[in-house]
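sharing a model that was predicted from the sequence below.
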Amino acid sequence: MANQPKGLSESQVYDVLKSVNYPGYTYDIVSSGVVQGLDISGQNVRVVLQLNTNQQEIAAQLKQTTEEAVRAIPGVNTVAAEVRLKDQAQPGSPQNRNPFANMSALPGVRHVVAVASGKGGVGKSTVATNIAVALGMSGLRTGLLDADIYGPSIPLMMGVNEQPQVSSDNRIAPFVNHGIKMQSLGFFLGENAPVIWRGPMVMKAVQQLLKDTDWGELDALIIDLPPGTGDVQLTLVQTVPLTGAILVTTPQDLALLDVKKGAEMFKQVNAPLIGIVENMSFFVCPDCGKSTEVFRRGGGQKESERLGIPLLGRIPLDPVVCDTGDLGAPLVLSHPDTSAAEEFKAIAATVTELLSRGTGPAPINIIN
Ligand SMILES: Nc1ncnc2c1ncn2[C@@H]1O[C@H](COP(=O)(O)OP(=O)(O)OP(=O)(O)O)[C@@H](O)[C@H]1O
């Protein structure tokens with residue numbers, strides 16, 4: 001009676017499936033949407049896995065690791081993992097919700113981190129740029145993709161103002177500046193591109209840009225998303241498998257409401273939230289050194305506690321942050337000793353540590 005199947009539940013099996021990683025990656029097959037069906041009949045378990053590749057080796061490997069993992073659950077008698085290749089996708093299969101859909105498009109990129117904000121103007125691009133450059137300074141091979149179709153500001157912040165080169169095989173060379181590789185739709189849009197071009201059509205262009213850019217080998221690719229939490233952003237975060245997302249906010253209540261929406265958006269695609277960066281948190285008077293909470297105190301901290309994700313750091317409101325952005329000289333490089341730069345570097349160090357842990361235990365959480 002020791003192996004009595006009583007109590008074998010779906011959640012028990014799902015918990016075990018969450019420990020099975022997609023071959024070669026740190027993403028598990030549940031969070032990534034590969035598991036598309038689970039059938040428990042008495043002691044017998046059937047798992048349906050949908051791949052977005054036709055590679056037989058991947059299928060065979062996944063079948064084996066999945067079956068081994070499920071078989072180890074006490075009470076399981078038989079287990080069959082049915083692996084469907086890309087060309088075998090069932091009609092209506094939510095394949096386009098599978099973050100692995102385009103995994104093969106970024107083969108040399110180890111971690112993809114999205115930087116998002118619920119609303120515009122909170123400093124998302126500033127944070128994305130400085131984290132990317134700080135990661136590069138610490139020795140990580142880092143890329144930065146400006147996917148903010150409504151206001152691509154990365155070229156300005158990174159001091160790049162040239163047209164990208166396209167090779168004969170239609171690959172686009174990223175710019176390398178301040179130690180990192182960068183790409184932006186801004187290069188292709190031009191400043192006066194009509195608004196209609198900044199809608200869903202342009203979003204498709206971003207997806208293509210992501211895949212057609214020759215990123216080479218990267219430890220981390222930071223993506224600066226458009227502000228907001230609508231369909232455009234949702235589709236973009238489904239374009240690539242995200243290791244995690246960073247939410248940028250200012251301390252006011254209204255901005256924090258948007259953090260909740262942002263958290264919801266990433267929950268929908270099962271992307272782990274790495275943490276929150278609170279920007280423009282306080283202002284230190286350059287004359288008397290007095291620190292003033294310009295907006296509100298502790299908002300980011302409270303929200304991070306409520307959501308169960310780390311507050312990665314609090315960036316002061318400082319004119320030098322703005323000036324260096326306008327000059328294309330990222331703060332962490334041009335003014336490394338300022339308190340804002342120190343905070344960015346500390347955030348980058350935390351992100352590096354969390355990335356190195358993969359999708360392991362907290363604090364990289366999937367919010368339930
Ligand atoms: N901590 C800060 N101190 C001073 N100025 C800042 C700070 N953070 C950002 N800024 C400035 O605020 C403006 C908006 O920042 P940024 O473009 O990074 O925001 P965003 O959220 O990406 O905006 P958008 O929604 O337009 O993409 C920029 O001029 C930037 O230099």
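In hand now; what should we look at? All of these numbers come straight from a predicted model, not from anything done at the bench.

so what does the helix or strand hosting residue 209 touch, helix or strand wise?
Assigned by DSSP states H and E, residue 209 belongs to helix 200-212. Applying 3 or more CB pairs under 8 Å, 6 or more residues apart in numbering; DSSP states H and E, one finds that helix 200-212 makes contact with helix 186-189, helix 231-237. Bear in mind the C-beta positions are built from the backbone N, C-alpha and C, glycine included.

now with 7 Å?
Under the contact criterion of 3 or more CB pairs under 7 Å, 6 or more residues apart in numbering; DSSP states H and E, helix 200-212 touches helix 231-237.

which stretches in the chain count as helices?
10-17, 56-71, 124-137, 154-158, 186-189, 200-212, 231-237, 253-268, 299-307, 319-327, 331-334, 339-356 (DSSP state H).

distance between the longest one and the chain's centre?
Taking the mean C-alpha point of helix 339-356 and that of its whole chain, the gap between them comes to 16 Å (CA atoms, centre = their mean, to the nearest Å).

let me have the helices of the chain in a markdown table, extended by mean pLDDT, distance to residue 276 and mean neighbour count.
As requested, the helices of the chain are exported to a markdown table (pLDDT from 0 to 100; distance: least, CB to CB, whole Å; neighbours: other CB atoms under 10 Å):
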| stretch | mean pLDDT | distance to residue 276 | mean neighbour count |
| --- | --- | --- | --- |
| helix 10-17 | 89 | 27 | 15 |
| helix 56-71 | 94 | 33 | 16 |
| helix 124-137 | 97 | 11 | 28 |
| helix 154-158 | 93 | 21 | 23 |
| helix 186-189 | 78 | 26 | 18 |
| helix 200-212 | 77 | 24 | 17 |
| helix 231-237 | 76 | 17 | 18 |
| helix 253-268 | 79 | 6 | 19 |
| helix 299-307 | 82 | 5 | 19 |
| helix 319-327 | 95 | 18 | 16 |
| helix 331-334 | 96 | 19 | 22 |
| helix 339-356 | 92 | 10 | 20 |
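
ok, now which ones touch residue 352?
The contact partners of residue 352, taken as CB atoms under 7 Å, 6 or more residues apart in numbering, are 135, 138, 140.

tabulate the residues you listed (a markdown table), appending distance to the ligand.
Shown next, in a markdown table, are the contacts of residue 352 (distance: CB to the nearest ligand atom, whole Å):
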| residue | distance to the ligand |
| --- | --- |
| 135 | 17 |
| 138 | 21 |
| 140 | 21 |
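
quick one: which of the residues you listed is nearest to residue 119?
Relative to residue 119, the closest of these is residue 135; by CB to CB it sits at 25.3 Å.

residue contacts, the closest one?
142, 220, 348, 352.

how close does it get to residue 333?
According to CB to CB, to the nearest Å, residue 135 stands 12 Å off from residue 333.

show me where the stretch 1-150 of the chain has strands.
35-41, 44-50, 78-84, 109-116, 142-146 (DSSP state E, counting those that start in this stretch).

around the ligand, which positions in the chain sit nearby?
117, 120-126, 148, 151, 153, 227, 279-280, 315, 317-318, 321-322, 325 (CB under 6 Å from any ligand atom).

pretty sure residue 156 sits against residue 330.
No: with contact defined as CB atoms under 7 Å, residue 156 does not reach residue 330; the gap is 11.2 Å.

quick one: low-confidence residue ranges for the stretch 51-200 of the chain.
For the stretch 51-200 of the chain, applying pLDDT under 70 flags the ranges 89-105, 190-200.

which residues does the helix holding residue 209 contact?
102, 105, 145, 147, 149, 170-172, 183, 185, 232, 235-236, 239-240.

of those, buried ones?
Buried subset of the contacts of helix 200-212 (neighbour count, 16 or more other CB atoms under 10 Å): 102, 145, 147, 149, 172, 183, 185, 232, 235, 236, 239, 240.

where's the fifth one relative to residue 299, distance?
In this case it means residue 172. Distance from residue 172 to residue 299, by CB to CB: 40 Å.

cool, the fourth one as well?
Applying CB to CB, one obtains 28 Å for the distance of residue 149 from residue 299.

before we move on, what about the second one?
Distance, residue 145 to residue 299, by CB to CB: 29 Å.

show me what contacts the closest residue to residue 162 other than its chain neighbours?
With sequence-adjacent residues excluded and distances taken as CB to CB, 6 or more residues apart in numbering, residue 162 is closest to residue 175, at 7.0 Å. By CB under 7 Å, 6+ apart, the contact set of residue 175 is 160, 164, 182.

before we move on, what about residue 243?
Neighbours of residue 243 in contact, by CB under 7 Å, 6+ apart: 111, 112, 113, 355.

residue 348 now?
Neighbouring residues of residue 348 by CB under 7 Å, 6+ apart: 131, 134, 135, 138.

now the third one: closest residue in space that isn't a chain neighbour?
Right, residue 135. residue 142 (4.5 Å).

got the domain boundaries for the protein?
10-99, 106-356 (automatic domain parsing).

fine by me, we can end here.
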